[in-house]
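> dropping the sequence and predicted coords here.
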Amino acid sequence: MGVTNGFLKLPRDEFDKLCEDQAALAARAQEWDESRGYLDMDKAGYELLFMFDPSLVEAFAAEGPAPYPHITTVLGGGEVVLPDLDLGYGPAHRIPEETLRNSIPEFKAIQFEEAFALAKNESIAELLPRDADEEEFRGYHWAYLQSLGDFVQQAVDDHSVVLRY
């Protein structure tokens with residue numbers, strides 16, 4: 001498996017039951033089935049996180065507050081769920097419902113040009129395998145960011161629990 005990550009939205013009652021059974025949660029988390037509430041972010045999930053908050057990369061000093069703090073928190077995850085359960089890249093993180101709600105206006109407000117400018121940050125350029133060209137960014141990072149915004153909106157509308165792993 002390559003560097004990938006994703007999000008899973010679950011009805012609250014299913015989440016509560018899965019938290020009582022680590023093996024069941026691990027199995028459910030590894031279904032990676034979009035029809036069952038999984039959103040695959042591929043490498044874009046981590047790359048977007050570093051674009052939105054370059055200070056997360058140890059080699060770079062903090063460059064001020066993240067411009068979209070709620071999107072940044074969604075990308076980074078929330079509180080650890082079942083810390084002893086490693087899903088491949090560590091435990092799942094539950095994103096707080098308030099963060100999900102507060103991220104929706106940010107997802108709606110961010111423009112392509114702003115997001116692309118984040119990718120052009122010199123700190124990020126050193127992390128990406130190649131310079132971000134506008135067309136490639138639009139087809140990959142921007143598309144994933146838009147998918148995540150739609151996913152979050154649907155999760156809030158459905159009152160779902162969202163895990164990132």
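Structure's in. What do you need?
> nearest residue to the residue sitting nearest the centre point of the chain other than its sequence neighbours?
In the chain, the C-alpha nearest the mean C-alpha coordinate belongs to Leu75, at 3.1 Å (Cα atoms, centre = their mean). Nearest residue to Leu75 in three dimensions, chain neighbours excluded: Leu49, at 4.1 Å (Cβ to Cβ, 6 or more residues apart in numbering). Every residue, glycine included, has its C-beta placed from N, CA and C.
> for Lys108, grab the count of nearby residues.
If you count neighbours by other Cβ atoms under 10 Å, Lys108 ends up with 9.
> how about the residue nearest to the centre of the chain, what does it touch?
45, 48-49, 52, 148, 164 (Cβ atoms under 8 Å, 6 or more residues apart in numbering).
> tell me which element it falls in.
helix 69-76 (DSSP states H and E).
> right, and the helix or strand after that helix?
strand 79-81.
> partner strands of the helix or strand just after that next one, parallel or antiparallel?
As assigned by DSSP H and E, the chain's next helix or strand after strand 79-81 is strand 92-95. Counting by DSSP bridges, the strands paired with strand 92-95 are strand 79-81 (antiparallel), strand 161-164 (antiparallel).
> what separation is there between the residue nearest to Leu10 when sequence neighbours are not counted and Ala117?
Nearest residue to Leu10, sequence neighbours excluded (Cβ to Cβ, 6+ apart): Val161, at 5.0 Å. Val161 sits at a distance of 33 Å from Ala117 (criterion: Cβ to Cβ, to the nearest Å).
> look at those two and report which has more neighbours.
Ranked by neighbour count (other Cβ under 10 Å), Val161 and Ala117 place Val161 first, with 23 against 12.
> show the contacting residues for that one.
Applying Cβ under 8 Å, 6+ apart, the residues contacting Val161 are 9-12, 15, 94.
> got it, and Tyr89?
5, 165.
> and the contacts of Leu75, which two are furthest apart?
Pairwise distances across those (Cβ to Cβ) peak at 13.8 Å, for the pair Phe52 and Arg164.
> so where's the chain uncertain?
1-4, 56-65, 123, 125-132 (pLDDT under 70).
> just the ones of the contacts of Leu75 in strands?
Counting by DSSP state E, these place Arg164 in strands.
> of all the contacts of Leu75, which comes closest to Arg36?
For those, the nearest to Arg36 is Arg164 (16.1 Å; Cβ to Cβ).
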